[in-house]
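A.B. asks: what follows is a protein structure lacking sequence information:
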């Protein structure tokens, strides 16, 4: 059974940021620059966490996994926003160093 997760990250180094973003593309859909929505099995979560753990500086960086519950039977995804209107995000990240 798959669970839906929001994976949000705050990475303090441009090179690690790019590596984390590239890795996350293999696990879910980008919602914002540093936020992905993922539908993962338990083994997917373990693989994702292990892949990310090997990339980050554990003293400076942070990755948060927000469990949204079962991916199936949840109904339609509803995303609302304050400020700029929400739109599907498909652009590459631009990293300024």
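C.D. replies: Structure's in. What do you need? Everything numeric in this text was worked out from a predicted model, so none of it was measured.

A.B. asks: going forward, measure contacts and count neighbours with C-alpha atoms only.
C.D. replies: OK.

A.B. asks: what are the ranges of the strands in this structure?
C.D. replies: Using DSSP state E, the strands of the chain run over 3-10, 29-32, 35-40, 62-70.

A.B. asks: and these, which is most packed in?
C.D. replies: Highest mean neighbour count among the strands of the chain (mean count of other CA atoms under 10 Å): strand 35-40, with a mean of 22.

A.B. asks: what packs against that one?
C.D. replies: Here strand 35-40 touches strand 3-10, strand 29-32, going by 3 or more CA pairs under 8 Å, 6 or more residues apart in numbering; DSSP states H and E.

A.B. asks: quick one: average pLDDT of it?
C.D. replies: Strand 35-40 shows a mean pLDDT of 94.

A.B. asks: between that strand and strand 62-70, how many degrees?
C.D. replies: Put simply, strand 35-40 runs at 50 degrees to strand 62-70, going by axes from the mean of the first three to the mean of the last three CA atoms, to 10 degrees.

A.B. asks: so what strands line up beside strand 35-40?
C.D. replies: In the sheet, strand 35-40 lines up against strand 3-10 (antiparallel), strand 29-32 (antiparallel) (DSSP bridges).

A.B. asks: which residues are in contact with residue 1?
C.D. replies: Contacts for residue 1 (CA atoms under 8 Å, 6 or more residues apart in numbering) come out as 41, 70-71.

A.B. asks: now the residues you listed as a markdown table including distance to residue 34?
C.D. replies: Below are the contacts of residue 1 laid out as a markdown table (distance: CA to CA, whole Å):
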| residue | distance to residue 34 |
| --- | --- |
| 41 | 21 |
| 70 | 22 |
| 71 | 21 |
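
A.B. asks: in terms of distance to residue 31, which of the residues you listed ranks first?
C.D. replies: For the contacts of residue 1, the closest approach to residue 31 (CA to CA) belongs to residue 71, at 16.3 Å.
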